[in-house]
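Colleague: Mind folding the following:
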Amino acid sequence: MMARLILFVAAVVLVAMLLTGGFREGPLGPSTTASIEALEADPGQWERKQVRVTGTVGQRIAVAGFGGFVLTDEAGREILVVGQANPASPGQPMTVEGQFVTAFVMGEMSMPAIIVGAD
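Modeller: Down below sits the predicted model:
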């Protein structure tokens, strides 16, 4: 229950930042392929960089007309993907490319996210 609340709050914050242009800081450069594990292990190294991540589509999210979903790796690690209007069906593999951000931090918990179409 708490994880879903955090996910919802992170999604709302991300949508608000998208609407206000909070992620538009100029060209991001080429994407670097990264695992969800690598992004979680050292988020500071990846913050606001263009990344390409592969995983399995999980729970879908819709907030204020923007789409998103959770992408999960084989170990169960999750990352929120925002800005993808029509992701594959849940359970399907998918590769996404976008800007990495740490959307939410509360003590030891954090919510990594990829903003698709942020460049």
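
Colleague: C-alpha only now, for contacts and for neighbours.
Modeller: OK.

Colleague: Confidence-wise, which helix or strand of this protein is lowest on average?
Modeller: In the chain, no helix or strand scores lower on mean pLDDT, DSSP states H and E than helix 2-20, which sits at a mean of 59.

Colleague: The following helix or strand past that helix: partners in the sheet, and parallel or antiparallel?
Modeller: Toward the C-terminus, helix 2-20 is succeeded by strand 32-33 as the next helix or strand (DSSP states H and E). When pairs are called by DSSP bridges, strand 32-33 turns out to pair with strand 50-63 (parallel).

Colleague: helices or strands up against the helix or strand just after the partner strand?
Modeller: For strand 50-63, the following helix or strand on the C-terminal side (DSSP H and E) is strand 66-72. When contacts are defined as 3 or more CA pairs under 8 Å, 6 or more residues apart in numbering; DSSP states H and E, strand 66-72 sits against strand 50-63, strand 78-82.

Colleague: Please identify the most buried of those strands.
Modeller: strand 78-82 (a mean of 26; mean count of other CA atoms under 10 Å).

Colleague: Give me the angle between that one and strand 66-72.
Modeller: Inter-element angle recorded for strand 78-82 and strand 66-72: 160 degrees (by axes from the mean of the first three to the mean of the last three CA atoms, to 10 degrees).

Colleague: Okay, buried residues for the following helix or strand past strand 78-82 please.
Modeller: Sequence order places strand 93-106 as the next helix or strand after strand 78-82, per DSSP H and E. Residues of strand 93-106 classed as buried by neighbour count (16 or more other CA atoms under 10 Å): 94, 96-104.

Colleague: just those residues: which has the poorest pLDDT?
Modeller: On pLDDT alone, Phe104 ranks lowest of these, at 63.

Colleague: Name all residues that make contact with the closest residue to Thr32 other than its chain neighbours.
Modeller: If the residues on either side of it in the chain are set aside, Thr32 comes closest to Val51, at 4.8 Å by CA to CA, 6 or more residues apart in numbering. Taking CA atoms under 8 Å, 6 or more residues apart in numbering, we find Val51 in contact with 31-34, 97-100, 114.
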